[in-house]
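> model this:
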Amino acid sequence: MPTLPLIVEPAELLPLLGGPDAPLIVDLSSEANYRRGHIPGAAHVPPQMLLCNRPPAPGRIAPVEQLNRLFTYLGLTPDTHVVVYDDEGGGWAGRFIWTLDMIGHRHYSYLNGGLHAWLSADMPVTAAVEDPNTKPIEVEINPKELIEIPDILAGLENDAIQVLDARNPAEYSGQKVLAQKAGHIPGAINVEWTELMDRHNSLRIRPDAREYLAERGITGDKTIITHCQSHHRSGFTYLVGKSLGFDIKGYHGSWSEWGNHPDTPVEA
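Take a look at the predicted model:
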């Protein structure tokens, strides 16, 4: 199949549908929206399949057995090119791409703007539910790729990282409390995830994302670690960082882990 960029537009994807070079299209929309109408050939994945769903940090990566079931269902092979989208502007799609990175799969694209952009361009949709070509696969999670609390503490100590907090300002400031501790990781920069979406262009990544982040101190000259409450919203900031060529990593424990841990430092 033709090489697809990380960020793909509806007009680039349309000619590939149904053909021999069709990519694996993964839809992370709500089930209701998927059944109402989705890209022809797209397989639906409930976003919860990506999560461990265990307190206190339910957003941590799913166990490998769960991922094996998911990717066997999707028929993922090492050569499969995945195009992923959702109905919310990229949070779950970005989380899926982060998951692919954690298992070492690098062939993927994000449909810019997701379902919103596809529908606004009057592209075809179907309500037909097609199962993908199931193919057994066993994946491995690379522990060196996962960001954990000690990695962040070490990075803060030697000033080697920037923390990009994708939560809303009330969570960041500690006004809204969703864990035992309120506030943010010391030195973290708050950029609410939706601020990186172009509300006037079907929730695509805003064209001035690089400049917008630079104005807030995120320039890409250090490793960036992004998080939210459960590494869902920060799935999108992770994706944006990748699209800009930044060295960006996702903290899957996110605030639900950091804010409930007895020994983590917090600013408010």
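> how many neighbours does the closest residue to residue 35 other than its chain neighbours have?
Of all residues beyond its chain neighbours, the one nearest residue 35 is residue 127 (6.1 Å), with distances taken as C-beta to C-beta, 6 or more residues apart in numbering. C-beta: built from backbone N, CA, C; applies to glycine. A count of nearby residues for residue 127, using other C-beta atoms under 10 Å, gives 9.
> strands along the stretch 51-200 of the chain, start to end?
For the stretch 51-200 of the chain, the strands defined by DSSP state E, counting those that start in this stretch cover 82-85, 108-111, 161-165, 189-190, 197-198.
> redo those strands as TSV? Include mean neighbour count and distance to residue 265.
Shown next, in TSV, are those (neighbours: other C-beta atoms under 10 Å; distance: least, C-beta to C-beta, whole Å):
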stretch	mean neighbour count	distance to residue 265
strand 82-85	25	35
strand 108-111	25	34
strand 161-165	24	12
strand 189-190	17	16
strand 197-198	20	31
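> wait, which of those strands is closest to residue 254?
strand 161-165 (9.4 Å; C-beta to C-beta).
> now that closest one: mean pLDDT?
For strand 161-165, mean pLDDT rounds to 98.
> what helices and strands are in contact with it?
helix 149-157, strand 189-190, strand 223-227, helix 233-243 (3 or more C-beta pairs under 8 Å, 6 or more residues apart in numbering; DSSP states H and E).
> ok, now with 10 Å
Judged by 3 or more C-beta pairs under 10 Å, 6 or more residues apart in numbering; DSSP states H and E, strand 161-165 is in contact with helix 149-157, strand 189-190, strand 223-227, helix 233-243, strand 248-250, helix 254-258.
> CA-only coordinates of it in CSV, if you can.
C-alpha atoms of strand 161-165 as CSV (Å, rounded to 0.1, in the frame of the first residue of the first chain):
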residue,chain,number,x,y,z
ILE,A,161,12.0,16.6,31.2
GLN,A,162,9.0,18.8,30.8
VAL,A,163,5.6,17.6,32.0
LEU,A,164,2.6,18.5,29.8
ASP,A,165,-0.6,18.3,31.9
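> what lines up beside it in the sheet?
strand 189-190 (parallel), strand 223-227 (parallel) (DSSP bridges).
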